[in-house]
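Chemist: with the input below, show me the fold.
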Amino acid sequence: MSRDGNGDPAGLARPTSRDVARLAGVSHTAVSFVFNGRAEGNLSAETQERIRRAAERLGYRPNAVARGLRRRRTAVLGLVTDEIASSPFAGRLLRGAMEAAWDSEHLVLTVDSGGDAAKEDAAVAELLDRRVDGIIYAAMSLRRVRVPAGLHRTPAVLANCLAEDDSLPAVVPAERAGGRAAARLLLDAGHRRIAMVGGLDDIATAERLRGFRDALRGAGVTVPKEWVVRAGGEITAGRTGATRLLAGAAADRRPTGIVCYNDRVAAGVLHAAAQLHLDVPGELSVVGYDDQEHMAAYLDPPLTTVGLPHREMGEEAARLLLTAIDTGTAAPAGVRRLTCPVVSRSSVGPAPSR
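Modeler: Below you'll find the model as predicted:
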């Protein structure tokens, strides 16, 4: 195949800014002004529009590498995370970060470390070698993290995690407020005998339980100690915990509502209720947490739950990072807590009369 003088296949040479200038009948400098953000005050609106029409006709796009070299920026963000492949929520966070970056004409280069600390350090080093403008470090479950080596050498923001030394800005779910919202769903439906099932030894469990207790205390409701069942985070934990609370108990002595650590636990609670022939939501109301995609809406009945703002966390982390890059100042090393939205479906009903 023949090639032109620029090394491109004949007839497929990428249009240049000089081609745009010739078609628009303007100087090469005028084209540079338009695509480098310097046109206002230097070129008339009519001339700017003529240049843009010529560029569109030719299919011209500014050379991002060259522009980045001039600005000493690459218009690329790095994103390092621990488990993209195995988390049901990773796609939402990634989409949020990528779309916020795209809106600011940035791309996102993503690396999955698999939770390996050495790989995380290597990933950050590789991204720095590639001159990314900044890095988001994201975890798929809320926890405190060791800050990977090198992350303090560039603008950086954490998403869904907190630095062990609180040295970097972080965007996380407002878990305590989410726990309050979950309990209020049942309180507002008239329930006063309310339990909580599931949970791990993690930040999310502690914060959701604190919010749960806040809401019940505010309503003057006392929760028996044995009605907070820390059974784990899987379906079996929900089934085991709910069976312990419900099996053999008289109707007026058992919970009429259960808040679950997550949607998987809620699925186990629904399974236990079915085995015990308890109608949901007629005799028992169930609230999940996470709004897990392809699951919560398809349970029987569809699950009322509190969502995790993964997409919003990705967006906010990218926006914070881009602001730090644009201003040349580090984002404050504080914690931004984003609202966990209530998703109402069919698993919550009025408290039974007995």
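Chemist: break down the stretch 101-250 of the chain into its helices, ranges please.
Modeler: Ranges of helices in the stretch 101-250 of the chain, per DSSP state H, counting those that start in this stretch, are 117-129, 175-188, 203-218, 235-246.
Chemist: may I have the first one as PDB, with CA atoms only?
Modeler: Put plainly, it is helix 117-129. C-alpha atoms of helix 117-129 as PDB (Å, rounded to 0.1, in the frame of the first residue of the first chain):
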ATOM      1  CA  ALA A 117      -0.600  -4.200  47.400                       C
ATOM      2  CA  ALA A 118       2.500  -4.800  45.300                       C
ATOM      3  CA  LYS A 119       0.400  -4.500  42.100                       C
ATOM      4  CA  GLU A 120      -1.200  -1.300  43.400                       C
ATOM      5  CA  ASP A 121       2.200   0.300  43.900                       C
ATOM      6  CA  ALA A 122       3.300  -0.900  40.500                       C
ATOM      7  CA  ALA A 123       0.100   0.400  38.900                       C
ATOM      8  CA  VAL A 124       0.600   3.800  40.400                       C
ATOM      9  CA  ALA A 125       4.200   3.900  39.300                       C
ATOM     10  CA  GLU A 126       3.200   3.000  35.800                       C
ATOM     11  CA  LEU A 127       0.500   5.600  35.600                       C
ATOM     12  CA  LEU A 128       2.900   8.300  36.900                       C
ATOM     13  CA  ASP A 129       5.400   7.200  34.200                       C
END
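Chemist: who does that helix touch, helix- and strand-wise?
Modeler: strand 76-81, strand 107-112, strand 134-145 (3 or more Cβ pairs under 8 Å, 6 or more residues apart in numbering; DSSP states H and E). All C-beta spots, glycine's among them, are computed from the backbone N, C-alpha and C.
Chemist: re the thing from before, any idea which of the helices of the stretch 101-250 of the chain scores lowest on pLDDT?
Modeler: Ranked by mean pLDDT, these end with helix 117-129 in last place, scoring a mean of 93.
Chemist: so what touches that one?
Modeler: 78, 80, 82, 109, 111, 113, 135, 137, 146, 148-151, 153-154 (Cβ atoms under 8 Å, 6 or more residues apart in numbering).
Chemist: returning to that earlier point: now the helices and strands packed on helix 117-129 in TSV, with mean pLDDT and mean neighbour count?
Modeler: Formatted as TSV, the helices and strands packed on helix 117-129 follow (pLDDT from 0 to 100; neighbours: other Cβ atoms under 10 Å):
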stretch	mean pLDDT	mean neighbour count
strand 76-81	94	25
strand 107-112	92	17
strand 134-145	93	21
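Chemist: could you export these as JSON lines, including distance to Phe212?
Modeler: Shown next, in JSON lines, are these (distance: least, Cβ to Cβ, whole Å):
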{"stretch": "strand 76-81", "distance to Phe212": "29"}
{"stretch": "strand 107-112", "distance to Phe212": "33"}
{"stretch": "strand 134-145", "distance to Phe212": "16"}
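Chemist: does Tyr60 belong to a helix, a strand or coil?
Modeler: What DSSP: H, G, I helix; E, B strand; the rest coil gives for Tyr60 is coil.
Chemist: could I get the contacting residues of it?
Modeler: So Tyr60 contacts 15-17, 19-20, 54 (Cβ under 8 Å, 6+ apart).
Chemist: would you mind checking these for buried ones?
Modeler: Among those, the ones that count as buried by 16 or more other Cβ atoms under 10 Å are 17, 19-20, 54.
Chemist: flag whichever of those residues scores worst on pLDDT.
Modeler: The member of those with the lowest pLDDT is Ser17, at 85.
Chemist: contacting residues around the residue nearest to it when sequence neighbours are not counted?
Modeler: Excluding the flanking residues, the one nearest Ser17 by Cβ to Cβ, 6 or more residues apart in numbering is Val31, at 4.5 Å. Counting by Cβ under 8 Å, 6+ apart, Val31 makes contact with 17-18, 20-21, 24, 51, 55.
Chemist: and the closest residue in space to Ile203 that isn't next to it in sequence, how far is that from Arg337?
Modeler: With sequence-adjacent residues excluded and distances taken as Cβ to Cβ, 6+ apart, Ile203 is closest to Leu142, at 5.1 Å. Remark: distance between Leu142 and Arg337 (Cβ to Cβ, to the nearest Å) = 11 Å.
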